[in-house]
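A.B. asks: Sequence and predicted structure below; questions after.
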Amino acid sequence: PCGIGIGGGSLQGFPTSGVTDANGYYASTVPYGWSGSVSAVKSPIQFTPSQPVVNTNTDRTLNFSVVGGALEFAALSVNRTTINGFGYTTISGMIPGYSYVYSYYDTTTQTWVIEEPFVWSSSSRVIQINATIFTPFCIESYCGSQTKVCAN
């Protein structure tokens, strides 16, 4: 999404199969003049259709784009509960491979602090934060179509 590499994606169509590294890169050697159609595959993420590679005679880079699907457009949701004096915040709808920005309200300085973007790498679509107190925060998709969710 938005030029951010997605690791663990399969590239199908080359003479040899392979999987992208953590940064979304993959290298394949093909015979001079090789032609074929290459596809990127990683569930639940969907990519643009396959790209033709015709008469290879130089190094070349193929870039695939995320095209969506029901999971990409699912809104984030947040739920806060307190059990035995401990606060639990559950955020649902996180998508592996997507980038998010987390911001929180610093009660000492009375300002919002925006953290560096991070890529959600867990296979789980849910994050749970345990805390003794609740701090106002927001999380939003850094890239993509998901909505921003905040909790006070």
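C.D. replies: Looks like it arrived, so ask away.
A.B. asks: For the protein, which helix or strand comes out least confident on mean pLDDT?
C.D. replies: strand 126-131 (a mean of 74; mean pLDDT, DSSP states H and E).
A.B. asks: Pull the distance from that strand to the chain's centre.
C.D. replies: What separates the centre of strand 126-131 from the centre of its chain is 19 Å, taken as C-alpha atoms, centre = their mean, to the nearest Å.
A.B. asks: What helices and strands are in contact with it?
C.D. replies: strand 86-92 (3 or more C-beta pairs under 8 Å, 6 or more residues apart in numbering; DSSP states H and E). To be clear about C-beta, it is placed using only N, CA and C from the backbone, and glycine gets the same treatment.
A.B. asks: which strands and helices sit next to the strand it packs on?
C.D. replies: strand 77-83, strand 126-131.
A.B. asks: What strands flank the first one, and is each parallel or antiparallel?
C.D. replies: Strand 77-83 sits in its sheet next to strand 86-92 (antiparallel), going by DSSP bridges.
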